[in-house]
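Peer 1: build me a model from this:
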Amino acid sequence: MAPDSDPAQRARSADAVRSLMAWAAAYSHEALPGTVRGRAALVLADDLGAMVAAAGEPAVARMRAVLARSSGRAEATVFAPGSPPLDRASAAAANGLAATWCELDEGYRGAPCHAGAYILPALLAEAEAEGASVARVLEALALAYEITVRCARAFPFATMTVHPHAAFATIGAAAGIGLLRGFSGKLLLDAVSAAASMTFAGPYGHAIEGALVRNAWTSAGAWIGLRAADGAEAGIAGLPETFHDVFVGGLGTACLPEALTDGLGTDWAIHGGYHKVFACCQYAHGAIEASLSLRAQVAGGDGAVDPVPEIDEILVETHPRGLTLTTVEPATVLAAKFSMPHALAAAAVTGTGGQGAFDEATLHEPRIADLRRRVRLAPLPEIGPPPNDRPSRVTWRLRDGTALSALCESARGGADQPFDTDTMLAKLAETSRAYPRMAAVLERIVRRAEDDERDLQRPWRDCVTEMTGGVAR
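Peer 2: All right, here's what the predicted structure looks like:
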């Protein structure tokens, strides 16, 4: 216990953690509500597409080769064409690296947390290796999502010091593995508490500065979470108090024990997730939407007018977290994805907020580079309650003295303005192009998940074989 810790708060936190793990373990023997299962299927499809989208990234490919050199027996697929199957821990690490590389994975809106990307790399490797069904994958995903998000809500950071990928990835991975293995509440607590003790203080600023190790935090989290579950079976565990000691005592968070248990089974966290069509930090999405609206005004309905020569300055009035995205000269693609100046300049030049606005070539494109230097950030005075707590107003000051403004109070993709299924499947078709069959297989899962669990009894391993054109093991 930390010297300045509140013993009563620590005890309440431990009791709430016990209750959360017991609930999740017990619920794993019940059928999920159809809407929860449907959301889990969409998270599965979206995050798997995000993994495949990163398959061609040079650093990701080099790391796959490193992992393959030391891998044990082939158990699970690495979602990159031509890559050999690896042992489950190595496959989880490889897919974990890819999961957040392109910034196209889903996230949770109520707290900084990308639970799907923390859970799925390990969960999918385990499911394939053990022959688990699609239904079991979705069940473990939804319940592990609940555990991960509730930890993020219960131990909030006052400021963005530690990146959520470092803070919560080990927890999500261990929870997913433990639930898939059918752990009791006690054993699940042993695994997840051990994983929580192995969380790490990855600096949030590393994302803004473009340090690529930030993308490795979900890789390390997947490996640690899987091994924490293994360790729990061997009697190696943390404590119910571990969560409080790590987050409050070690990382200096607040503690809201009630967030771990309030509304369990009725207020499902997975319903509060969001999905992206823009390949960058979600804090910039409202500003991109506003920018694309202005671009359409200036370019005309047929897009015939190039708006860039007309722009003298771009003013972005935004929320406090958007104001952290200040890098003007991003050194890496990751830094560009966490740069408001780059996002706004690239959207103006390319007409998109997708991957085409954040690839390597855009870092050096002269017009984007010039326009980045003419983007100015300022606080937006009027910040509403959620979901309108991340607004952005963008003003283009044109060379003829005209000023055009657009306000986006809440970016699309969250629970308040969800993308429809067809939009999400169109995104999947784009992100998973490397596997021509993948989108069709995942579409079947998405469209059937909510209505008929019987259609989900197929082994996940068989789905992987069909998606990748591989040979079933």
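
Peer 1: helix, strand, or coil at P386?
Peer 2: Using DSSP: H, G, I helix; E, B strand; the rest coil, the structure places P386 in coil.

Peer 1: can you pull the contacts of it?
Peer 2: 109-110 (CB atoms under 8 Å, 6 or more residues apart in numbering). All C-beta atoms are positioned from the backbone trio N, CA, C, and that covers glycine.

Peer 1: count of neighbours near A166?
Peer 2: Applying other CB atoms under 10 Å, we find 23 other residues in the vicinity of A166.

Peer 1: so what's it scoring on pLDDT?
Peer 2: Here the pLDDT value assigned to A166 is 98.

Peer 1: state the helix or strand in which it lies.
Peer 2: Assessed by DSSP states H and E, A166 sits inside helix 164-180.

Peer 1: quick check: next helix or strand after that helix?
Peer 2: From helix 164-180 onward toward the C-terminus, using DSSP H and E, the following helix or strand is helix 185-197.

Peer 1: give me the contacts around that following helix.
Peer 2: Contacting residues not belonging to helix 185-197 are listed as 17-18, 21-26, 147, 151, 170-171, 173-175, 177-179, 183, 224-225, 228-229, 231-233, 236-240, 242-243, 246-247 [CB under 8 Å, 6+ apart].

Peer 1: could I have stretch 134-154 exported to CSV, CA atoms only?
Peer 2: Extracted C-alpha coordinates of stretch 134-154, given in CSV (Å, rounded to 0.1, in the frame of the first residue of the first chain):
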residue,chain,number,x,y,z
VAL,A,134,-17.3,-17.5,-32.8
ALA,A,135,-20.0,-17.3,-30.1
ARG,A,136,-17.4,-17.8,-27.3
VAL,A,137,-15.2,-15.2,-28.9
LEU,A,138,-17.9,-12.6,-28.9
GLU,A,139,-18.9,-13.5,-25.3
ALA,A,140,-15.4,-13.2,-24.0
LEU,A,141,-14.9,-10.0,-25.9
ALA,A,142,-18.0,-8.3,-24.6
LEU,A,143,-17.3,-9.3,-21.0
ALA,A,144,-13.6,-8.4,-21.1
TYR,A,145,-14.6,-5.1,-22.7
GLU,A,146,-16.8,-4.5,-19.6
ILE,A,147,-13.9,-5.2,-17.3
THR,A,148,-11.4,-3.1,-19.2
VAL,A,149,-13.6,-0.1,-19.6
ARG,A,150,-14.8,-0.2,-16.0
CYS,A,151,-11.1,-0.1,-14.9
ALA,A,152,-10.5,2.9,-17.1
ARG,A,153,-13.6,4.6,-15.6
ALA,A,154,-12.7,3.7,-12.0
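
Peer 1: for E317, which three-state class applies?
Peer 2: E317 - assigned by three-state DSSP - is strand.

Peer 1: surely it is in contact with S392?
Peer 2: Yes: using CB atoms under 8 Å, E317 is in contact with S392, at 6.9 Å.

Peer 1: S405 looks like it's in a helix, true?
Peer 2: No: under three-state DSSP, S405 falls outside any helix and is assigned strand.

Peer 1: contacts only, for the closest residue to it other than its chain neighbours.
Peer 2: Closest residue to S405 apart from its sequence neighbours, by CB to CB, 6 or more residues apart in numbering: T395 at 4.4 Å. T395 makes contacts with 314-315, 317, 403-405, as judged by CB under 8 Å, 6+ apart.

Peer 1: mind redoing it with 7 Å?
Peer 2: 315, 403-405 (CB atoms under 7 Å, 6 or more residues apart in numbering).

Peer 1: one step back: shared neighbours, E317 and S392?
Peer 2: L380.

Peer 1: ok, back up a step: among the contacts of helix 185-197, which are in helices?
Peer 2: 17-18, 21-26, 147, 151, 170-171, 173-175, 177-179, 224-225, 228-229, 231-233, 242-243 (DSSP state H).

Peer 1: center of the chain - which residue?
Peer 2: By CA atoms, centre = their mean, the chain has its centre lying nearest to H114, at 3.2 Å.

Peer 1: mind listing what the closest residue to that one other than its chain neighbours touches?
Peer 2: Sequence neighbours aside, G107 is the residue nearest to H114 in space, at 4.6 Å (criterion: CB to CB, 6+ apart). G107 makes contacts with 113-114, 273-274, 282, as judged by CB under 7 Å, 6+ apart.

Peer 1: what do you get if the cut-off is 8 Å, keeping everything else the same?
Peer 2: Counting by CB under 8 Å, 6+ apart, the residues that G107 touches are 113-114, 273-274, 276, 282.

Peer 1: next up, phi/psi of it, please.
Peer 2: phi -150, psi 180 (degrees, to the nearest 10).

Peer 1: show me the beta-bridge partners of it.
Peer 2: Residues in a beta bridge with G107, per DSSP bridges, are Y274.

Peer 1: on the three-state scheme, the closest residue to R373 other than its chain neighbours is what?
Peer 2: Once flanking residues are discounted, R373 sits nearest to V328: 6.1 Å by CB to CB, 6+ apart. Put simply, V328 is coil when judged by three-state DSSP.

Peer 1: quick one, helices of the stretch 1-150 of the chain?
Peer 2: For the stretch 1-150 of the chain, the helices defined by DSSP state H, counting those that start in this stretch occupy 7-27, 34-53, 58-70, 88-99, 115-130, 134-154.

Peer 1: including distance to G286, mean pLDDT and mean neighbour count, could those helices go into CSV?
Peer 2: Shown next, in CSV, are those (distance: least, CB to CB, whole Å; pLDDT from 0 to 100; neighbours: other CB atoms under 10 Å):
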stretch, distance to G286, mean pLDDT, mean neighbour count
helix 7-27, 33, 97, 19
helix 34-53, 20, 97, 25
helix 58-70, 29, 97, 15
helix 88-99, 24, 98, 29
helix 115-130, 22, 98, 30
helix 134-154, 21, 98, 26
